[in-house]
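Student: Just to be clear, the model below is a prediction. Sequence and coordinates:
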Amino acid sequence: MKLLLITASSNEIKRIRKSRVIGFQQVTMPYLAAMVPHHWSIEHIDEDVNRVDINTDADLVAITFHTPSTNHVYELAAQFRQNGVPVVLGGPHVSLVPEEAARHADVIFVGEAEQLWPEFLNDFERGRSKKIYKQDVVPSLEGIPMSRKDLLYRKDLSGGIIFASRGCPNKCEFCTISVMYQNSFRKRPVEEVAREYGSFKGKVIIFWDDNIAGDIYFAKCLFKAITPYKKWWSSQASIHAGQDDEFLELAAKSGCKQLFIGLESVSQKSLNNASKTFNRVDEYYKIIEKIHYYGIAVQAGVVFGFDDDDKTIFRQTINFLETAGVQNATFNILTPYPGTPLFKRLQDEGRILTFDWSKYNARTYVVYRPKNMTPEELLEGFNWVNQRFYSIRSIIKRIGNSPTGMWWTLPLNLAYYFSNKFYGYGNIGYASYLLTHDEIV
């Protein structure tokens, strides 16, 4: 039997990811493929690099996807099903809106799939698969087989993609993670993670964890275990990573070159209202300085559009990032993903502007009504920040204020500079205006 696995991306999402220079491959399908019986043949299509052939000879198609690719995936599913090929849908959007997804598939997976995947394949072979496979209990991460490395074929500057933990202990209003994983934080056995980490031939490894600092003690044990492999790695973490010297020292010794830190906002009011009170803006400079002290670069995660944000937030954010010497940043427009507390609140307040999921990409659309600016002003401010942050003068200022990892952060910043010029960010007219009228914001 033949199984076609698809990691889906709509055309808009593919364009956005190309503009971000580096886009690491998602690992869901390579891990699930490792659990498929040997008598199945497997093909994996990552739509960021390959096209889907609707006229496949597969006996079964399984697709994982995020909210902004939903419309595209539903169209794909309809074409496969019209051709008589059963379709299984899973991933974040399915777990957040299962009733909707079920209308577009033969089978859906709600929640994590590892423990249910072998059961489903066995049911399918016997012609008695169920409509919904739902993980009702929080599953253990012990004994998960190594991902199929032959299916990790994207050329994304990494030598391997892996995960050591799943979930996040925090409950931020806008985040899908706490909803999908029921506020649980789980770890794989350290020895299993270290073995898989060492099995990659490449030098640069990405930990695809939601929050590698979710359990500080676990992280320290992990760093000690992977140090002998002498590889470089990066991951995302909460602000707590920068509050523990031993964590940072062990991370650096084990090869950590950069941490993605979810700062989210330089407004304490915005953080408080988003249930992220553990982020303290008055500690940001000290925390970033400490991370840099250990030779680790910082990629800041920033979100614009909280209820306490007005147009001054864009200039405030740039001033902070430049002064702090932040090497890289990922900016997002606040987006109320379905199923989150934020979505429910904004829907109750009548502030959701569209339910077209293709617009929920956090980059090119504002899908709700902000409180202290118009949707157009929020989008324009977001565009300006992207242009300003990766402008030559900002790059020089930021790298000059913290030369940590300059040998690779400077080329990466320049790559983003040229990418911005090539791809652009939505309506750049207002952004260009701000670049020459700095007193406005």
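Tutor: It's in.
Student: how does the chain divide into domains?
Tutor: 2-134, 149-440 (automatic domain parsing).
Student: Could you dump the ones you listed into a markdown table with mean pLDDT and mean neighbour count added?
Tutor: All C-beta atoms are positioned from the backbone trio N, CA, C, and that covers glycine. Listed next are these as a markdown table, based on pLDDT from 0 to 100; neighbours: other C-beta atoms under 10 Å:
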| stretch | mean pLDDT | mean neighbour count |
| --- | --- | --- |
| domain 2-134 | 93 | 18 |
| domain 149-440 | 91 | 18 |
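Student: Of all those, which one is nearest Leu141?
Tutor: domain 149-440 (4.5 Å; C-beta to C-beta).
Student: Relative to the whole chain's centre, how far out is that closest one?
Tutor: What separates the centre of domain 149-440 from the centre of its chain is 9 Å, taken as C-alpha atoms, centre = their mean, to the nearest Å.
Student: Excluding covalently adjacent residues, which one is nearest to Lys230?
Tutor: Using C-beta to C-beta, 6 or more residues apart in numbering and skipping the chain neighbours, the partner closest in space to Lys230 is Gly255 (6.8 Å).
Student: now the domains of the chain in TSV, with distance to Gly143?
Tutor: Formatted as TSV, these follow (distance: least, C-beta to C-beta, whole Å):
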stretch	distance to Gly143
domain 2-134	9
domain 149-440	8
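Student: Indicate which one of those is closest to Ser140.
Tutor: domain 149-440 (7.2 Å).
Student: If you count contacts, what does the helix or strand hosting Tyr284 end up packed against?
Tutor: Using DSSP states H and E, Tyr284 sits in helix 284-293. The contact analysis (3 or more C-beta pairs under 8 Å, 6 or more residues apart in numbering; DSSP states H and E) places helix 284-293 against helix 245-253, strand 256-264, strand 297-304, helix 312-324.
Student: got the angle for it vs strand 256-264?
Tutor: 170 degrees (axes from the mean of the first three to the mean of the last three C-alpha atoms, to 10 degrees).
Student: Touching, Trp233 and Lys257? I think so.
Tutor: Yes: Trp233 is in contact with Lys257 according to C-beta atoms under 8 Å; the separation is 7.2 Å.
Student: With adjacent residues omitted, what lies nearest to Thr227?
Tutor: Ser254 (4.4 Å).
Student: Apologies, that question was intended for Leu271.
Tutor: Asn279 (4.9 Å).
Student: Against Asn170, how distant is that neighbour?
Tutor: 10 Å (C-beta to C-beta, to the nearest Å).
Student: got it, and Ile108?
Tutor: Ile108 is 27 Å from Asn170, by C-beta to C-beta.
Student: neighbouring contacts of stretch 26-33?
Tutor: 5-7, 42, 44, 46, 62, 64, 90-91, 113-114, 117, 144-145, 147-149, 151-152, 161-163, 208 (C-beta atoms under 8 Å, 6 or more residues apart in numbering).
Student: Out of these, which sit inside helices?
Tutor: Residues from the contacts of stretch 26-33 lying in helices, with DSSP state H as the criterion: Trp117.
Student: Could I get the full set of helices for the stretch 1-150 of the chain?
Tutor: For the stretch 1-150 of the chain, applying DSSP state H, counting those that start in this stretch gives helices covering 11-19, 28-33, 70-82, 92-96, 98-102, 117-125.
Student: Tabulate these in TSV, adding columns for distance to Leu222.
Tutor: What follows is the helices of the stretch 1-150 of the chain, written out as TSV (distance: least, C-beta to C-beta, whole Å):
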stretch	distance to Leu222
helix 11-19	28
helix 28-33	18
helix 70-82	34
helix 92-96	25
helix 98-102	33
helix 117-125	25
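Student: Among these, which comes closest to Phe218?
Tutor: helix 28-33 (19.7 Å).
Student: Check the chain for me, the residue farthest from its geometric middle.
Tutor: In the chain, Arg126 marks the outermost C-alpha relative to the chain mean, sitting 36.3 Å out by C-alpha atoms, centre = their mean.
Student: Please tell me how far that residue sits from Phe247.
Tutor: Taking C-beta to C-beta, one finds Arg126 at 49 Å from Phe247.
Student: cool, Met146 as well?
Tutor: 26 Å.
Student: same deal with Lys359?
Tutor: Taken as C-beta to C-beta, the span from Lys359 to Phe247 is 38 Å.
Student: cool, and Lys131?
Tutor: For Lys131, the distance to Phe247 - C-beta to C-beta - is 45 Å.
Student: quick revisit: between the helices of the stretch 1-150 of the chain, which gets nearest to Asp310?
Tutor: helix 11-19 (25.9 Å).
Student: so what secondary structure elements neighbour the closest one?
Tutor: So helix 11-19, by 3+ C-beta pairs under 8 Å, 6+ apart, packs with helix 406-423.
Student: Give me the angle between the helix it packs on and strand 256-264.
Tutor: The directions of helix 406-423 and strand 256-264 differ by 50 degrees, with the same axes, to 10 degrees as the criterion.
Student: tell me the contacts of the closest residue in space to Gly262 that isn't next to it in sequence?
Tutor: Spatial nearest neighbour of Gly262, chain neighbours left out: Gly301 (4.4 Å); criterion: C-beta to C-beta, 6+ apart. Contacts for Gly301 were tallied using C-beta under 8 Å, 6+ apart; they are 236, 260-264, 329-330, 332.
Student: same deal with Leu121?
Tutor: 36-37, 40.
Student: how close does it get to Ile42?
Tutor: From Leu121 to Ile42 the distance is 11 Å (C-beta to C-beta).
Student: what's the answer for Ile291, then?
Tutor: For Ile291 relative to Ile42 (C-beta to C-beta), the value is 40 Å.
Student: same thing with Leu259?
Tutor: 34 Å.
Student: ditto for His66
Tutor: His66 is 22 Å from Ile42, by C-beta to C-beta.
Student: ditto for Leu4
Tutor: Counting by C-beta to C-beta, the gap from Leu4 to Ile42 is 8 Å.
Student: what's the answer for Gly242, then?
Tutor: For Gly242, the distance to Ile42 - C-beta to C-beta - is 41 Å.
Student: and what of His292?
Tutor: From His292 to Ile42 the distance is 43 Å (C-beta to C-beta).
Student: orientation of the helix holding Tyr284 relative to helix 245-253 in degrees?
Tutor: 40 degrees.
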